[in-house]
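# Any chance you could fold what I've pasted below:
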Amino acid sequence: MKKIGLVLALTLLALSAAANAADLKEPYIIGGIFSITGPASYLGEPERNCLEMVVEEINAAGGLNGHPLQPVIYDDEGDVTKARLHAEKLLQKDKALAIVGPSLTHTSMTVLEITQKAKLPLISCAAGAAITSPAKDRFWVFKTAQTDQMAVSRIYAYCKKHNLTKVAILTVSTGFGMAGKDQLLGQAPQYGVEVVAQEVFGEKDTDMTPQLTKIRGSAAQAVICWGTGPAPALVAKNLKQLGLTIPLIQSHGVASKKFIELAGDAAEGIILPAGKLVVYKQLPDTDPQKAVCQEYAEKYQAKFKAPESSFGGYAYDAQRLLNAALTKAGSDPAKIRDALEGTRNFVGVSGIFNMSPEDHNGLNPEAFVMVKIHNGDFALID
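Numbers count the residues shown, from 1 in each chain. Predicted coordinates for the structure are as follows:
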């Protein structure tokens with residue numbers, strides 16, 4: 001009798017397992033391409049972390065429409081060739097329904113060429129306005145990072161308010177830097193700002209003294225540095241070493257605690273546009289982003305034992321936007337695209353998203369606030 005009972009129990013267990021297996025639905029495969037290593041790892045690593053964190057949370061709750069999410073993530077190391085190869089692999093081998101990333105403007109511009117032809121949704125985490133503009137030519141491309149156009153607008157509004165009418169610009173020689181330079185030169189006249197000096201640096205340069213020495217000989221009332229990675233921190237240090245006391249304004253590409261660590265004492269007093277995450281505790285309770293930023297920060301800190309990152313927030317927003325689209329559209333890439341374009345009043349870490357056929361970023365300059373680095377942290381300023 002005991003043997004019969006054991007056999008029956010094992011049979012029932014096997015039937016139950018088979019039934020559960022039959023109930024499981026095919027996973028939604030999500031691609032990710034980030035600069036997890038290399039000079040831009042401070043962007044790509046938290047982005048990778050955030051995508052995985054959101055996916056784990058969704059899967060723990062039963063997936064989307066009963067489908068688990070299956071992320072397939074690649075590291076492009078900030079290299080356009082690797083980014084292109086990873087995109088092709090996600091399309092042809094992994095059969096991803098959509099791709100989140102890349103981390104950088106130039107890698108995003110490369111990847112979107114592939115995803116556009118393949119008619120696959122791409123949600124970039126990079127800043128360049130050209131990634132999604134004009135939207136009619138970027139039909140399958142979206143982005144969650146605030147644009148360089150918005151950042152320059154906020155910087156020049158600050159300059160105008162504080163009577164800084166003559167500026168020098170120092171831009172990195174990557175796609176991010178070139179896009180920023182175009183905006184800095186293009187928007188200057190409408191704010192009554194004159195660019196009196198222009199210098200360029202490489203993202204791996206180890207000395208910015210020659211460029212800053214030339215700027216010191218100009219009539220500049222402020223220096224605007226446009227870059228990402230370690231180089232802008234070196235600009236801050238070299239500027240201090242040269243005894244230049246005019247304001248240093250950085251781009252949103254340095255809005256992280258990592259930059260403050262790299263710049264050390266030279267970070268004090270630097271001004272920049274940043275997403276609200278870096279100062280969310282200073283926001284009024286009426287700001288709808290405050291609660292979202294707080295939730296993200298607490299989750300990230302608890303899971304990774306590290307400070308939250310605005311850059312990670314780009315992937316956090318991207319995956320949450322994609323989750324909403326997948327829930328609505330299922331596994332049809334065209335319907336996913338349409339659902340993303342139809343996003344309205346989506347409160348994210350990086351801003352409040354209102355997509356449209358004319359705007360695949362869905363943010364405005366109010367997604368940025370101006371901050372100053374003081375005593376090793378960011379402080380909200382007017």
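
# hey, let's count contacts and neighbours off CA atoms from now on
OK.

# which residues of this structure fall in helices?
Along the chain, counting by DSSP state H, helices occupy 2-23, 41-60, 80-92, 105-118, 148-161, 175-187, 209-216, 231-241, 257-263, 288-304, 310-329, 333-341.

# Could you say which of those is packed most deeply?
helix 310-329 (a mean of 24; mean count of other Cα atoms under 10 Å).

# follow-up on the earlier one: mind checking the helices of the chain for the one nearest to residue 377?
Nearest of the helices of the chain to residue 377, taken as Cα to Cα: helix 257-263 at 7.4 Å.

# Show me what the closest one is packed against.
Packing partners of helix 257-263 (3 or more Cα pairs under 8 Å, 6 or more residues apart in numbering; DSSP states H and E): helix 231-241.

# Packing partners of the helix it packs on?
helix 209-216, strand 222-226, helix 257-263.

# So which other helices or strands are in contact with the second one?
Other elements packing on strand 222-226 under the criterion 3+ Cα pairs under 8 Å, 6+ apart are strand 166-172, helix 175-187, helix 231-241, strand 248-250.

# What residues does residue 364 make contact with?
Counting by Cα atoms under 8 Å, 6 or more residues apart in numbering, residue 364 touches 146, 150.

# Next, it: phi, psi?
Backbone geometry at residue 364, expressed as degrees, to the nearest 10, gives phi -130, psi 170.

# just to revisit the earlier point, make JSON lines from the helices and strands packed on helix 231-241 and add distance to residue 363 and mean pLDDT to it.
Listed next are these as JSON lines, based on distance: least, Cα to Cα, whole Å; pLDDT from 0 to 100:
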{"stretch": "helix 209-216", "distance to residue 363": "34", "mean pLDDT": "96"}
{"stretch": "strand 222-226", "distance to residue 363": "21", "mean pLDDT": "98"}
{"stretch": "helix 257-263", "distance to residue 363": "24", "mean pLDDT": "92"}
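
# mind putting those in JSON lines, distance to residue 287 included?
Listed next are the helices and strands packed on helix 231-241 as JSON lines, based on distance: least, Cα to Cα, whole Å:
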{"stretch": "helix 209-216", "distance to residue 287": "39"}
{"stretch": "strand 222-226", "distance to residue 287": "29"}
{"stretch": "helix 257-263", "distance to residue 287": "23"}
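
# lowest-confidence stretch among the helices and strands packed on strand 222-226?
Lowest mean pLDDT within the helices and strands packed on strand 222-226: helix 175-187, at a mean of 93.

# which secondary structure elements does that one contact?
helix 105-118, helix 148-161, strand 166-172, strand 222-226.

# Report the strands that pair with the third one, each with its relative direction.
Looking at strand 166-172 with DSSP bridges, its paired strands and their directions are strand 194-201 (parallel), strand 222-226 (parallel).

# so what's residue 254 closest to, chain neighbours aside?
residue 228 (5.9 Å; Cα to Cα, 6 or more residues apart in numbering).

# list the contacts for the one you found?
40, 172, 203, 253-254.

# got JSON lines for the helices and strands packed on strand 222-226, with distance to residue 78 too?
Formatted as JSON lines, the helices and strands packed on strand 222-226 follow (distance: least, Cα to Cα, whole Å):
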{"stretch": "strand 166-172", "distance to residue 78": "14"}
{"stretch": "helix 175-187", "distance to residue 78": "11"}
{"stretch": "helix 231-241", "distance to residue 78": "15"}
{"stretch": "strand 248-250", "distance to residue 78": "21"}
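
# Out of the ones you listed, the one nearest residue 291 is which?
Of all these, strand 248-250 comes closest under Cα to Cα, at 27.0 Å.

# Could you list the residues in contact with that closest one?
155, 222-227, 232, 236, 269-273.

# quick one, which of the helices and strands packed on helix 175-187 is nearest to residue 288?
Closest of the helices and strands packed on helix 175-187 to residue 288 is helix 148-161, at 20.0 Å (criterion: Cα to Cα).

# Which neighbouring elements make contact with that closest one?
Counting by 3+ Cα pairs under 8 Å, 6+ apart, helix 148-161 packs on helix 175-187, strand 271-275, strand 368-374.

# Looking at these, which is nearest to residue 244?
strand 271-275 (15.2 Å).

# which residues touch the closest one?
146, 151, 154-155, 247-252, 255, 310, 349-351, 367-373.

# centre of the chain versus it, how much separation?
Strand 271-275 sits 14 Å away from the centroid of its parent chain (Cα atoms, centre = their mean, to the nearest Å).

# Next, the angle helix 148-161 makes with it.
Relative orientation of strand 271-275 and helix 148-161, computed by axes from the mean of the first three to the mean of the last three Cα atoms, to 10 degrees: 140 degrees.

# Could you list the low-pLDDT ranges of the stretch 51-200 of the chain?
The model of the stretch 51-200 of the chain has no residue with pLDDT under 70.

# Kindly report the domain assignment for this structure.
Residue ranges for each domain of the chain read 28-146+289-362, 149-281+368-380, as given by automatic domain parsing.

# Now do residue 382, the pLDDT please.
Per the predicted model, pLDDT is 71 at residue 382.

# wait, what's in contact with it?
Contacts of residue 382 (Cα under 8 Å, 6+ apart): residue 370.
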